[in-house]
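**Q** sharing a model that was predicted from the sequence below.
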Amino acid sequence: MGMTIIEKIFARKAGLDSVSPGDTVVVDVDMTVLIDLQFATMWIQPNRIHDPDKLAVVMDHAVPAPTIKDAAGGPHARKFVADFGIDRFYDVGRHGICHQVIAENGLARPGEILACTDSHTCAAGAYNTAARGLGPAEIYSIMCTGTTWFQIAPTVRYELDGAKPNALSGKDIFLHIANEYGDAANVNLEFGGPGLAGIPMHDRRTIATQGAEVSADFSTFEADDVLSRFLDDTGVTGYIAAAPDPDATYLEVRHVDLAALEPYVARPGTVSRNGLPVSQLDTQKIDQAFIGSCANGQLEDLEIAAQVLRGKTVAPGVRLLITPASQAVYREAMRLGYLQDIADAGAVITNSTCGACFGYHMGVIGPGEVCITSSTRNFTGRMGSSEAEIFMASPATVAASAITGYITDPRNITDHRSVTA
């Protein structure tokens with residue numbers, strides 16, 4: 001019987017000829033990523049670790065440290081990497097949101113397994129990687145032993161058909177899927193099909209990242225020429241990609257007609273069965289607009305924001321916050337002039353951090369406020385007050401809404417041919 005992408009990776013890493021849904025497998029983990037929060041909360045330095053070359057440490061959630069507790073975690077992290085000779089340490093100054101840092105530094109490789117404490121680790125599925133967020137105790141265990149276990153879930157396959165319109169982004173594709181099909185708890189998601197070739201890597205990353213919002217176990221893309229070119233540019237070599245067998249068994253195969261989609265928005269509370277095309281939303285005023293996070297703080301997202309905002313001004317009474325996903329993205333966006341255009345429109349550009357996305361710092365929203373965000377989550381209380389409302393949309397839609405002061409279809413603001421998503 002044929003295997004899906006995830007089943008292929010698990011079989012290889014468990015040393016088995018084949019696996020199928022319901023099996024429990026013990027697998028070798030190729031890369032384990034620790035984040036700053038782990039060092040700021042109940043950190044105990046281990047006596048030994050499995051392999052320093054299979055570990056990375058990223059300062060990302062609370063950078064620069066907004067509290068004394070967070071500040072105290074920094075020395076723990078620095079002592080840990082020094083004591084164990086861990087080369088992949090992304091300290092303040094070369095930091096970023098961990099999933100962006102993982103991508104930039106080739107830590108997520110096709111056909112391999114990656115673990116991290118952050119729930120959006122599924123982002124690395126864009127690179128044909130079996131990547132999943134796990135709890136701090138399990139990550140600690142993997143750090144010491146090099147292995148973990150998974151129970152294999154059934155897989156839903158998304159066949160992407162047709163050509164993606166220029167005004168459409170990975171966020172819109174995901175919001176359509178979430179609205180159409182709802183939650184995917186205890187299920188793996190697999191993406192492929194003839195339309196995949198027209199979806200750039202940054203959009204794949206957005207879609208893979210957001211798999212966590214429908215509770216999928218893994219969210220994994222087929223490897224193709226687009227991925228190969230990205231990996232070549234990143235200097236990643238020597239990998240063995242995992243392709244699904246032609247006779248792989250799926251729980252369901254769902255087709256998505258990319259050409260028929262338009263910009264989407266999710267209403268507050270959840271993304272599952274709670275979205276609609278922006279063009280169908282009643283007039284909705286906003287107080288804050290946010291572009292950033294592991295899902296949409298990539299260089300291409302900032303390029304889109306700059307294109308929409310160039311020569312325009314953020315509406316009175318609206319705060320537009322932009323958080324580049326990493327220091328590297330920040331520097332490149334500055335060099336290319338994107339940050340100049342964004343700042344000239346009246347936006348605030350913050351340091352690279354998870355801060356505003358998880359309601360920690362750098363842009364918390366208050367009671368009664370309405371935020372439109374391109375970040376990862378829109379549940380009640382996520383970005384600040386439980387009395388605030390959070391709508392989710394693409395960077396283009398967020399930028400367009402910041403200009404008008406209400407949630408706006410980006411195609412109404414700018415020539416859609418110039419907004420390359």
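**A** Received the coordinates, thanks.

**Q** state the distance from residue 155 to residue 6.
**A** Between residue 155 and residue 6 the distance is 6 Å, computed by CB to CB, to the nearest Å. The C-beta positions use only the backbone N, C-alpha and C, and glycine is treated the same way.

**Q** any common contacting residues for the two?
**A** 188, 190 (CB atoms under 8 Å, 6 or more residues apart in numbering).

**Q** domain ranges for the chain?
**A** 5-258, 264-418 (automatic domain parsing).

**Q** most tightly packed of the ones you listed?
**A** domain 264-418 (a mean of 22; mean count of other CB atoms under 10 Å).

**Q** centre of the chain to that domain, how far?
**A** 15 Å (CA atoms, centre = their mean, to the nearest Å).

**Q** quick one: the strands in the stretch 101-250 of the chain?
**A** 113-116, 130-133, 147-151, 155-161, 188-192, 219-221 (DSSP state E, counting those that start in this stretch).

**Q** now those as TSV including distance to residue 284 and mean pLDDT?
**A** Listed next are these as TSV, based on distance: least, CB to CB, whole Å; pLDDT from 0 to 100:
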stretch	distance to residue 284	mean pLDDT
strand 113-116	35	98
strand 130-133	31	98
strand 147-151	41	97
strand 155-161	29	98
strand 188-192	30	98
strand 219-221	29	98
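
**Q** a markdown table please, covering these and showing distance to residue 347.
**A** Listed next are these as a markdown table, based on distance: least, CB to CB, whole Å:
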| stretch | distance to residue 347 |
| --- | --- |
| strand 113-116 | 30 |
| strand 130-133 | 30 |
| strand 147-151 | 41 |
| strand 155-161 | 32 |
| strand 188-192 | 32 |
| strand 219-221 | 30 |
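
**Q** let me know which of the ones you listed is the nearest to residue 48.
**A** strand 147-151 (14.7 Å; CB to CB).

**Q** strand partners (parallel or antiparallel) of the closest one?
**A** Strand pairing for strand 147-151, using DSSP bridges, gives strand 24-28 (antiparallel).

**Q** mind listing the helices for this protein?
**A** Using DSSP state H, the helices of the chain run over 5-14, 36-40, 68-84, 98-104, 136-145, 170-181, 201-209, 225-234, 293-296, 299-309, 327-335, 338-344, 395-404.

**Q** where does the stretch 101-250 of the chain dip in pLDDT?
**A** The stretch 101-250 of the chain contains no residues with pLDDT under 70.

**Q** how about the stretch 301-421 of the chain?
**A** Using pLDDT under 70, the stretch 301-421 of the chain drops low at 414-421.

**Q** what do you get if the cut-off is 90, keeping everything else the same?
**A** 413-421 (pLDDT under 90).

**Q** does residue 129 touch residue 220 like I think?
**A** Yes: counting by CB atoms under 8 Å, residue 129 touches residue 220, with 7.3 Å between them.

**Q** before we move on, back to that, figure out which of the strands of the stretch 101-250 of the chain is closest to residue 37.
**A** strand 113-116 (11.2 Å).

**Q** which residue, other than its chain neighbours, is closest to residue 363?
**A** residue 356 (3.4 Å; CB to CB, 6 or more residues apart in numbering).

**Q** please name the residues that touch that neighbour.
**A** 290, 292, 321, 323, 350, 362-364, 375, 383.

**Q** cool, and residue 315?
**A** 402-405.

**Q** so how far is residue 143 from residue 43?
**A** Plainly put, residue 43 is 12 Å away from residue 143 if you go by CB to CB.

**Q** whoops, I mixed them up, residue 200
**A** Distance from residue 200 to residue 143, by CB to CB: 33 Å.

**Q** one more: residue 173?
**A** Taken as CB to CB, the span from residue 173 to residue 143 is 35 Å.

**Q** before we move on, what about residue 79?
**A** From residue 79 to residue 143 the distance is 15 Å (CB to CB).

**Q** equivalent analysis for residue 391, please.
**A** 38 Å.

**Q** what does residue 169 give?
**A** For residue 169, the distance to residue 143 (CB to CB) stands at 35 Å.

**Q** follow-up on the earlier one: what's the closest of the helices of the chain to residue 281?
**A** Closest among these, using CB to CB: helix 395-404, at 10.0 Å.

**Q** who are the packing partners of the closest one?
**A** Helices and strands touching helix 395-404, by 3 or more CB pairs under 8 Å, 6 or more residues apart in numbering; DSSP states H and E, are strand 288-291, helix 299-309, strand 319-322, strand 370-373.

**Q** give me phi/psi at residue 298?
**A** phi -70, psi 170 (degrees, to the nearest 10).

**Q** leaving out the residues flanking it, which one is nearest to it?
**A** Closest to residue 298 by CB to CB, 6+ apart is residue 202, at 4.6 Å.

**Q** show me what contacts the closest residue to residue 285 other than its chain neighbours?
**A** Among residues not flanking residue 285 along the chain, residue 406 sits closest, at 4.9 Å (CB to CB, 6+ apart). Residues counted as contacts of residue 406 (CB under 8 Å, 6+ apart) are 283-286.

**Q** looking at these, which one is closest to residue 139?
**A** residue 286 (36.7 Å).

**Q** the closest one against residue 370, yeah?
**A** Yes: checked against CB under 8 Å, the pair residue 286 and residue 370 is within contact range at 4.9 Å.

**Q** what is in contact with those two at once?
**A** Common neighbours of residue 286 and residue 370 (CB under 8 Å, 6+ apart) are residue 391.
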